[in-house]
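Engineer: this is the structure alone, sequence omitted:
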C-alpha cells in the first residue's frame, strides 16, 4: 500500500506518467504521485496521505487536496484539459 504525496519538484525533473499536476508554487511545480513512484529529486514535501484518506503529514498553511481526498468528497480527482477549436478559443 502506497501513500499519496504532493511535493514541489524542480524544473526538468523526470516524473512518472501517472503523476497529477497540481499547480505551481513560485517557479516550482506541485505534483501528486504515489510513494513508490516518487521522482529522484523532491524539493519539498507538502502533503502526504494514506490511500484511505488518513493524514500522515501536512505542511502548515498548505491547502492543496490529494486525489484521495477529492474522491472521498465525491469530486473528480483532476480537471479535464480544455479543448480549443480551430480558431484557438476554448470550448
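Structural biologist: Sure, I can see it. All values reported here derive from a predicted model rather than from experimental measurement.

Engineer: need the contact list for the residue nearest the centre of the chain.
Structural biologist: Residue closest to the average C-alpha location in the chain (CA atoms, centre = their mean): residue 32, at 2.6 Å. When contacts are counted by CB atoms under 8 Å, 6 or more residues apart in numbering, residue 32 touches 4-6, 19-22, 66-67. Every C-beta, even on glycine, is put in place using the N, C-alpha and C of the backbone.

Engineer: who does it bridge with?
Structural biologist: Beta-bridge partners of residue 32, counted by DSSP bridges, are residue 6, residue 20.

Engineer: could you check the pLDDT of it?
Structural biologist: Note on residue 32: pLDDT of 85.

Engineer: hang on, the earlier thing: quick one: buried ones out of the contacts of residue 32?
Structural biologist: Buried members of the contacts of residue 32, scored by 16 or more other CB atoms under 10 Å, are 4-6, 19, 22, 66-67.

Engineer: residue ranges of the helices in the protein, please?
Structural biologist: In the chain, the helices defined using DSSP state H lie at 67-72.

Engineer: my read: residue 62 touches residue 47, true?
Structural biologist: Yes - using CB atoms under 8 Å, residue 62 makes contact with residue 47 at a distance of 5.7 Å.

Engineer: neighbour-wise, which of these two wins?
Structural biologist: Comparing residue 62 with residue 47 by other CB atoms under 10 Å, the one with more neighbours is residue 47, at 23 against 15.

Engineer: so which of the contacts of residue 32 is the closest to residue 83?
Structural biologist: Nearest to residue 83 out of the contacts of residue 32 is residue 21 (CB to CB; 17.1 Å).

Engineer: please name the nearest non-neighbouring residue to the closest one.
Structural biologist: residue 31 (6.1 Å; CB to CB, 6 or more residues apart in numbering).

Engineer: identify, from the buried ones among the contacts of residue 32, the entry nearest to residue 87.
Structural biologist: Nearest member of the buried ones among the contacts of residue 32 to residue 87, counting by CB to CB, is residue 22, at 30.0 Å.
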